[in-house]
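Enquirer: what's the 3D shape of this:
(one chain, ligands or ions: 2)
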Amino acid sequence: MDKCCCHFFLLFEYLWVFQMLKQLRVISRKVLVLYEELKSIHDALGVRCNGCRLCCQTAAYNIEATMLEFIPLALHLIENGEFDKWFEKAQRAVPTDRCVLLVDESTKIEGGCSFYDYRPLVCRLFSASYVRRRNIEVLSCQFLKRELSKKMDRLVDAQKYFDCLYDIDPYLAVQKRDINTAFKQALEYVGMKFLLNTPPSLPFAS
Ligand code: SF4
Ligand code: SF4
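Expert: Ligands and ions are numbered 1, 2, ... in the order given. The predicted structure is shown next:
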């Protein structure tokens, strides 16, 4: 291949990678807008977990999430050079383990989540929303249910938020998996789209 073709090919590769990254950032921003909205709702409810992390201590298969819910965290890990470390952990985690993001030794008031600001939708809806089954049921643990039941008018419809996720990206939001698998697959997805496509330096100087 002559030098001119080679430059053209590399330039094309660069544009492709930037396009991929741009798409992922757009998706991530839309998901983060939903997360911010839920944060405001949760803050306004005034219910606090005060360092409790009991609901995170169950097996991963009891907490279901979609890949899309982890796209913001996956991008955050890449941008902060922590991708490899967490990808390794995610690959080792299985559905019968606890959530791979939970750290027992954390003393944070928010609980033991390694990335509380990037936790998925499912963790945000718990104790801030309701589901419509035969009756309307508060999505909550036993400790907060009574308090939240008195604030029904301020809780959100969980299904509405799952529909919003689907509207952002149907492919990434269609299937729920156990939380460890969803995290791992989101890392694989972002890694494939971004890291594996990172091109070598353009040889403009040569
Ligand atoms: S939602 Fe309930 S179980 Fe979960 S951390 Fe808060 S108080 Fe504990
Ligand atoms: S992502 Fe964070 S908040 Fe959600 S289950 Fe895991 S440790 Fe708990």
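
Enquirer: so how far is Lys30 from the residue nearest to the spatial centre of the chain?
Expert: The centroid of the chain falls nearest to Phe70 when counting by C-alpha atoms, centre = their mean (2.1 Å). Using C-beta to C-beta, to the nearest Å, Phe70 is found at 14 Å from Lys30. Backbone N, C-alpha and C define where each C-beta goes, glycine included.

Enquirer: This protein against ligand 1: which residues are in contact?
Expert: When proximity is defined by C-beta under 6 Å from any ligand atom, the chain lies next to ligand 1 at 49, 52-55, 111, 126-127, 141, 143-144.

Enquirer: which residues in the protein form helices?
Expert: All helices of the chain, identified by DSSP state H, fall at 3-45, 71-79, 83-92, 121-125, 145-149, 158-168, 170-173, 179-193.

Enquirer: Including distance to Ala59, could the ones you listed go into CSV?
Expert: As requested, the helices of the chain are exported to CSV (distance: least, C-beta to C-beta, whole Å):
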stretch, distance to Ala59
helix 3-45, 24
helix 71-79, 20
helix 83-92, 15
helix 121-125, 14
helix 145-149, 22
helix 158-168, 21
helix 170-173, 23
helix 179-193, 9
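
Enquirer: Specify the stretch among those helices that is closest to Leu101.
Expert: helix 179-193 (7.1 Å; C-beta to C-beta).

Enquirer: Now do the closest one against helix 83-92, angle only.
Expert: On the basis of axes from the mean of the first three to the mean of the last three C-alpha atoms, to 10 degrees, helix 179-193 is oriented at 140 degrees to helix 83-92.

Enquirer: for helix 179-193, what is the average pLDDT?
Expert: Computed over helix 179-193, the mean pLDDT rounds to 94.

Enquirer: by how many degrees do that helix and helix 71-79 diverge?
Expert: Going by the same axes, to 10 degrees, helix 179-193 makes 60 degrees with helix 71-79.

Enquirer: What lies in contact with helix 179-193?
Expert: Helix 179-193 is contacted by residues 20-21, 24, 60, 63-71, 73-75, 77-78, 83, 86-87, 90-91, 93-95, 97, 99-101, 120, 122, 172, 176-177 when judged by C-beta atoms under 8 Å, 6 or more residues apart in numbering.

Enquirer: Tell me if stretch 54-70 is near ligand 2.
Expert: Yes: counting by C-beta under 6 Å from any ligand atom, ligand 2 is contacted by stretch 54-70 at 56, 63.

Enquirer: now what about stretch 154-172, what contacts it?
Expert: Residues contacting stretch 154-172 (C-beta under 8 Å, 6+ apart): 27, 30-31, 34, 38, 41, 44-45, 66-69, 71, 121, 125, 128-132, 138-139, 148, 173-174, 186, 189.

Enquirer: Skipping adjacent residues, who's closest to Met20 in space?
Expert: Distance criterion C-beta to C-beta, 6 or more residues apart in numbering; nearest residue to Met20, sequence neighbours excluded, is Lys193 at 4.7 Å.

Enquirer: Sorry, slip of the keys, the one I care about is Thr58.
Expert: Thr58 sits nearest to Arg98 (C-beta to C-beta, 6+ apart), 7.0 Å away.
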